[in-house]
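Student: pasted the sequence and its predicted model underneath.
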Amino acid sequence: MNQFKRQEMIFDLLKVNGEVSSNELAAELSVSMMTINRDLKEISTWGEIQLVHGGAVYRGENALENPISIKEEVSVQEKKQIGKFCRGLVKPGSAVFIETGTTALAVAREIFTIEGCHFYTNSLLVLNSLSKYEGIQLHSVPGKYRELSKGFLGLETADFVRNFNFDVAFIGAEGISADFGITLPNEEDAFTKRAIMNQSKKTILVADHKKFGRSYLYKIGDVEEVNLIVTDLDSQQKNFKELKPLTTIVSINEEENKYDY
């Protein structure tokens, strides 16, 4: 990876995560700390970036939410492992709802071959991905298109899903907190996820570790309202321990994890 591409990637990581660690970047990109520090110094001249001890933080006006195109490049392997774990949670013949979000997309790519399932989604990315495969029962859910999340949301979506009782729904979130619940920065997105949860026998929240300990204005629901959280967050982390008394939460990093559907 050349210098400019590396710096662009670091900049995107800053926009998505809000901060980066020099040590973690050096290990992930297989370059020296000296190289990373030079990169961060250069990126700070682009604006919206503040250098801090051990890394940098993002200070841009649009720090709350970023496009799916950026989110897709973050925690790719972790999301794939979350998807693989979720394959064991879906029974053949189930009616499955897959919501918007890159982690939910990773789940969709792992579970689509489960026999006899009907897959419903309001995500354009899920539709585009799964529509390439023959023999799948794939249903498009209507609504008002939102470019930032590449999904169909709002009243039309909520009215449509009230006609169904899904066996399981996979949803994502931007913030997960024991104190503030499951939250998003967009009102229509939160409203839509809430409607889908109401029509699902089981709701599984899928999220990478960066979503924990954060909170946003619009609440989907309390942590207790989801049946299961699947994440790559380490089980020894404070946020994990705070959520454990409230619902079932599993970390894909723990090989011994078992969950009975």
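Tutor: That came through, no problem. Residues are numbered from 1 along each chain as shown.
Student: going along the chain, name the strands of the stretch 101-250 of the chain.
Tutor: Counting by DSSP state E, counting those that start in this stretch, one finds strands in the stretch 101-250 of the chain at the ranges 118-121, 137-140, 144-146, 151-153, 166-171, 175-177, 181-184, 200-207, 218-221, 228-231, 248-251.
Student: now do the same contact list for residue 14.
Tutor: Counting by CB atoms under 8 Å, 6 or more residues apart in numbering, residue 14 touches 20, 43, 49, 56-58. Any C-beta I mention is one placed from the backbone N, CA and C, and that applies to glycine too.
Student: any chance of TSV for the strands of the stretch 101-250 of the chain, columns mean pLDDT, mean neighbour count and distance to residue 104?
Tutor: Conversion of the strands of the stretch 101-250 of the chain to TSV gives the following (pLDDT from 0 to 100; neighbours: other CB atoms under 10 Å; distance: least, CB to CB, whole Å):
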stretch	mean pLDDT	mean neighbour count	distance to residue 104
strand 118-121	98	21	8
strand 137-140	96	14	15
strand 144-146	93	15	15
strand 151-153	96	25	10
strand 166-171	98	24	5
strand 175-177	95	23	14
strand 181-184	96	24	13
strand 200-207	98	23	6
strand 218-221	95	20	13
strand 228-231	97	24	11
strand 248-251	96	20	17
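Student: you'd agree residue 93 is in a helix?
Tutor: No: when DSSP: H, G, I helix; E, B strand; the rest coil is applied, residue 93 is found to be coil, with no helix at that position.
Student: looking at the closest residue to it other than its chain neighbours now. What's its pLDDT?
Tutor: When the adjacent residues along the chain are set aside, residue 93 lies closest to residue 116, with 3.9 Å between them (CB to CB, 6 or more residues apart in numbering). At residue 116 the predicted local distance difference test score is 95.
Student: list the contacts for residue 116?
Tutor: Residue 116 touches 92-94, 137, counting by CB under 8 Å, 6+ apart.
Student: also residue 222?
Tutor: For residue 222, counting by CB under 8 Å, 6+ apart, the contacting residues are 181-182, 246.
Student: and residue 88, how many neighbours does it have?
Tutor: Other residues within reach of residue 88 by the criterion other CB atoms under 10 Å amount to 13.
Student: which helix runs longest in this structure?
Tutor: The helix that spans the most residues within the chain, counting by DSSP state H, is helix 3-17.
Student: which parts of it are buried?
Tutor: By neighbour count, and taking 16 or more other CB atoms under 10 Å as the criterion, the buried residues in helix 3-17 are 6-7, 9-17.
Student: next one: stretch 148-165
Tutor: Those buried within stretch 148-165 under the rule 16+ other CB under 10 Å are 149-154, 157-158, 160-161.
Student: ok, back up a step: distance to residue 31 for the contacts of residue 222 - can I get that in TSV?
Tutor: Shown next, in TSV, are those (distance: CB to CB, whole Å):
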residue	distance to residue 31
181	39
182	37
246	40
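Student: return the member of the residues you listed nearest to residue 145.
Tutor: residue 182 (23.3 Å; CB to CB).
Student: how much space between that closest one and residue 139?
Tutor: Here the distance between residue 182 and residue 139 works out to 25 Å (CB to CB, to the nearest Å).
Student: kindly report the same for residue 21.
Tutor: Residue 21 sits at a distance of 42 Å from residue 139 (criterion: CB to CB).
Student: check residue 237 too.
Tutor: The spacing between residue 237 and residue 139, counted by CB to CB, is 37 Å.
Student: residue contacts, residue 205?
Tutor: For residue 205, the contact set (CB under 8 Å, 6+ apart) comprises 171-173, 176, 182, 226, 228-230.
Student: which one of those residues sits closest to residue 88?
Tutor: Sorting these by distance to residue 88 puts residue 230 at the head of the list, at 10.3 Å, by CB to CB.
Student: now render the strands of the stretch 101-250 of the chain as a markdown table, adding distance to residue 128.
Tutor: Listed next are those as a markdown table, based on distance: least, CB to CB, whole Å:
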| stretch | distance to residue 128 |
| --- | --- |
| strand 118-121 | 10 |
| strand 137-140 | 11 |
| strand 144-146 | 13 |
| strand 151-153 | 12 |
| strand 166-171 | 17 |
| strand 175-177 | 27 |
| strand 181-184 | 23 |
| strand 200-207 | 19 |
| strand 218-221 | 25 |
| strand 228-231 | 23 |
| strand 248-251 | 29 |
